[in-house]
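Undergrad: The following block contains a protein sequence and its predicted model.
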Amino acid sequence: VAAATRSVNIDVEEQTRKSSTTGSQVLAGRTLPLANAAALPGIYLELGKARLSALVTMTTAAGVAVAVPAALPVGIPLMAITCTGTVFAAMSASAFNQIIEISNDSRMARTSRRPLVTGSITKLHASCYAFGVGVGGVALLSTA
């Protein structure tokens, strides 16, 4: 058993080494191409569920507009910071959800084309993105 495990580990390491030189990744025994830099903005928008995050941000904007007393106009800087922070936080939450749900997403037809399931982006890359926009969003919201 130990020898078989060792040979599997060596094979995986060898495949990973080969794939890193060709710009691809090994996922569930399949070699998949990694996204190029031009495709990343679209992948980030899909990973963060941009349309859903925009809806969350619109409800936040409505809440800010209603919360400000009628005698005071809603300030553009306050609205911009609040909406940007909210969209970043929402996109971070969506990305973390997709990271957690990779195995479930791969089994459903509706979610089987998501970036992590198809291998367009690695789990580490997606985690860094989610962490970065999450911290950025909370930082912006703390200044509003």
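TA: Cool, the structure landed. All figures in this text were calculated on a predicted structure; none of them were measured in a lab.

Undergrad: gap between the two ends of stretch 109-129?
TA: One end of stretch 109-129 sits 25 Å from the other (C-alpha to C-alpha, to the nearest Å).

Undergrad: Just the mean pLDDT for that stretch, thanks.
TA: In this model, stretch 109-129 has a mean pLDDT of 93.

Undergrad: ok, now stretch 40-52?
TA: The model assigns stretch 40-52 a mean pLDDT of 94.

Undergrad: if you go through this protein in chain order, where are the helices?
TA: Applying DSSP state H to the chain gives helices spanning 2-22, 40-47, 50-67, 76-100, 102-107, 115-118, 123-143.

Undergrad: Including mean neighbour count, could those helices go into TSV?
TA: All C-beta spots, glycine's among them, are computed from the backbone N, C-alpha and C. Shown next, in TSV, are these (neighbours: other C-beta atoms under 10 Å):
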stretch	mean neighbour count
helix 2-22	10
helix 40-47	17
helix 50-67	14
helix 76-100	19
helix 102-107	12
helix 115-118	20
helix 123-143	16
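
Undergrad: If I average pLDDT within each of these, which one is lowest?
TA: Across the helices of the chain, the lowest-scoring stretch is helix 2-22, with a mean of 42.

Undergrad: Cool, thanks, talk later.
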